[in-house]
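Visitor: No sequence on hand, only this structure:
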């Protein structure tokens, strides 16, 4: 929990000074539900990305890997470009 609180503190610092922020974790990760992570989700973009849309593949089988990921960030451009589901 200490790490999540630190991440929330850094995100808020970046947002309040008008700087860029981007955080990434698996879409279903339980940390997204923690109280200290809620403000950043309300104040920023939350983009769901399937990494297979960016050609992520298993190194052995060469099959595409979905790896659904959530990005929390301050950029509309990132949202527009990364908002890909397979």
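Guide: That came through, no problem. Given the structure is predicted, the values throughout are model-derived calculations rather than measurements.

Visitor: pull the longest helix from the protein.
Guide: As assigned by DSSP state H, the longest helix anywhere in the chain is helix 2-16.

Visitor: so residue 54 sits right up against residue 84, yeah?
Guide: Yes. Assessed by CB atoms under 8 Å, residue 54 is found in contact with residue 84 at 7.2 Å. Just so you know, the C-beta spots here come from the backbone N, C-alpha and C atoms, and that holds for glycine as well.

Visitor: Now for the residue nearest in space to the middle of the chain: which residues touch it?
Guide: Most central in the chain under CA atoms, centre = their mean is residue 71, positioned 1.7 Å from the mean C-alpha point. Contacts of residue 71 were listed using CB atoms under 8 Å, 6 or more residues apart in numbering, and they are 22-24, 45-49, 78, 82.

Visitor: and it, that's in a strand?
Guide: Yes. Assessed by DSSP: H, G, I helix; E, B strand; the rest coil, residue 71 belongs to a strand.

Visitor: circling back to that earlier point, which elements pack onto the longest helix of the chain?
Guide: helix 38-43 (3 or more CB pairs under 8 Å, 6 or more residues apart in numbering; DSSP states H and E).

Visitor: Packing partners of the helix or strand that comes right after the helix it packs on?
Guide: Going down the chain from helix 38-43, the next helix or strand is strand 45-50, by DSSP states H and E. Strand 45-50 is packed against strand 68-73, helix 76-82, with contacts defined by 3+ CB pairs under 8 Å, 6+ apart.

Visitor: Enumerate the positions of the shortest one that are buried.
Guide: Residues of strand 68-73 classed as buried: 69-73 (neighbour count, 16 or more other CB atoms under 10 Å).

Visitor: Could you do the last one as well?
Guide: For helix 76-82, a neighbour-count test (16+ other CB under 10 Å) marks 78-79, 82 as buried.

Visitor: if we look at that helix, which residues are touching it?
Guide: With CB under 8 Å, 6+ apart, helix 76-82 has contacts from 22, 45, 47, 49, 71, 73.

Visitor: I'd like those as CSV, with distance to residue 15 appended.
Guide: Listed next are these as CSV, based on distance: CB to CB, whole Å:
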residue, distance to residue 15
22, 12
45, 11
47, 16
49, 21
71, 15
73, 10
